[in-house]
Structure formats: C-alpha cells, structure tokens
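>>> got a predicted structure here, sequence first:
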Amino acid sequence: MILEGQNLTIGYSDRVVGRDLDVALATGEVLALLGPNGGGKTTLLKTLLGLLAPKSGEVRLDGKPLGRYADRERARLVAYVPQSHSATFAFTVETVVLMGRTAHGSLFSRPTAADRAIAVRVLERFGIGHLSERPYTEISGGERQLALLARALAQEPQFIVLDEPTASLDFGNQGKVMREIRALAGAGHGVLFTTHDPNHAMRAADRAFLLRDGGRVAEGAIGSVLNRPQLEALYGAPVETITDQAAGKIAFLPG
C-alpha cells in the first residue's frame, strides 16, 4: 500500500506554501521530512492527511484519491500525531488512548474489552501504563507526546504520520521513539515523520525528503541524501560531521 502526493501545490486560502511536490510512502518503510522552520513541512503533512486540500495535484491512498475515502475509513488507514496538543478536558490518559479506537466503532459507543486490551498494550509499550488513570492535563509535555503516540498506535493504522515526534521529549525518550518508529516499519507500517535533527533521520529512516521554501531540495535513500553539502544547502548554515570509524556511523552537528 502507498500513500502518495503527485505534483502537489500546497498552501492556504491566502497563500501558496509549496509547489511541484511529489512524495510517496510505502508500508514497511520510514520517510523523514527535514527542513527549516517555515519551509512547508507541516503544510505538506496536513495535505497528505487530507486536513488541507491541495491547491493542485492529488493525494492518493492505495491508488485511490484520498477524498473518496470516508473519514472513518481513512482513520483506519492513517493516524496522525501532531507536534503539540492542548487538552481542554481532564480525560484520563487511558481515555485519550481509547479515542484512537473510535475509528473502529461508533464515536459514542462504549469501549469494548478488546479496545481496552489494546489501550493497555500500547500504554505499556511506551512505558506509560502507570499513567493510565492520571488526568491528561496533569502530566508532562513529554508524557503527553507519548500518550498521543499510543493513541495513534491504538488506531491500528497502515500509516502513521508524526510532526516532530521528539520535540517535547527528553534524551532517553527520544531514543525510545526512534526505536519504536523502526519497530513500526518492521511490523509493516509506513511511517512519515518531520524532524529538525538529521541524526534522528539517520537512525530511524530509510529515505529522506529535504524541503526548503516549499520546494524539494533532495529526496532519496538516507545514505545518498544526508550529507554535509546537502544539509548546508538545506539550512543555509555550516554543518560539521563526526565519523565513528569503528561503528561506521556519521553524526551531524551545527557548525
């Protein structure tokens, strides 16, 4: 199955943000979207999710135009984890995760035993099972992000789209999320995530899409796209590299 945007022009009613964009994500792979602030990353994500209509071009899911899917059908196939989420009501963390199950039933139906079992499983997977009865409004920003990741996984989607999933997380939890992203791809999910850290893309992604000022700078396999010249062109700033010869790994640092 493939989620793809073809010849996209993206933006809002009063402005165009990006043009001539072709992007595709297959199940079983991880695509990292990198670029400076204001470059169009979030707008592109929302267009691929169907939250914004493209100004031109088309988004297709499994070969079918995204607009032909009913909302609930689309939710069973694609889950979204936003960069930030402000809670209005003091739902428990378990209830927030169970909201991901509404794609499989009625919005107003009571959770089934199977739904609750799935919620328990994903909460434990992210190490936040002990927070299940805590109000979502009273946990830390990093814990909220993990709860949103658990909610997305509870949807049991084919694709998971994450907007800067490590933005609120401490060092240890950043590593946990990167490991989970790889594990999700290994389990057959397609994962698209935005990041400002090329090292996260190096660790978790199969391919990278570099976006600046609404245009594609480069796209392809991680090893061919993420290098010093490309990153300096992308961010308009010097970049340093550190090479671990023994491990065969490269890390990037701001210059």
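Ah, there it is. Numbers count the residues shown, from 1 in each chain.
>>> enumerate every residue touching the nearest residue to Asp20 once chain neighbours are set aside.
Spatial nearest neighbour of Asp20, excluding adjacent residues (Cβ to Cβ, 6 or more residues apart in numbering): Asn7 at 6.5 Å. Where C-beta positions appear, they are placed from N, C-alpha and C, glycine not excepted. Taking Cβ atoms under 8 Å, 6 or more residues apart in numbering as the definition of contact, the neighbours of Asn7 are 20-22, 56-58.
>>> export the residues you listed as TSV, with columns for pLDDT.
TSV is the format used below for the contacts of Asn7 (pLDDT from 0 to 100):
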residue	pLDDT
Asp20	96
Leu21	98
Asp22	97
Ser56	97
Gly57	98
Glu58	97
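>>> quick check, nearest of the residues you listed to Arg212?
Using Cβ to Cβ, Leu21 is the member of the contacts of Asn7 that sits closest to Arg212, with 12.0 Å.
>>> name the helix or strand for the spatially closest residue to that closest one that is not a sequence neighbour, please.
Closest residue to Leu21 in three dimensions, ignoring its sequence neighbours and counting by Cβ to Cβ, 6+ apart: Leu8, at 4.3 Å. Using DSSP states H and E, Leu8 sits within strand 2-12.
>>> how far away is the residue nearest to Leu21 from Gly223?
Taking Cβ to Cβ, to the nearest Å as the measure, Leu8 and Gly223 are separated by 26 Å.
>>> next: His189.
Shown here: His189 relative to Gly223, a distance of 22 Å by Cβ to Cβ.
>>> what does the helix or strand hosting Ala79 contact?
Applying DSSP H and E as the criterion places Ala79 in strand 78-81. When contacts are taken as Cβ under 8 Å, 6+ apart, the neighbours of strand 78-81 outside the stretch itself are 3, 45, 49, 51, 61, 100, 145, 148-149, 151-153, 155, 157-163, 165.
>>> that one: how far from the chain's middle?
7 Å (Cα atoms, centre = their mean, to the nearest Å).
>>> next SSE downstream of that strand?
helix 93-98.
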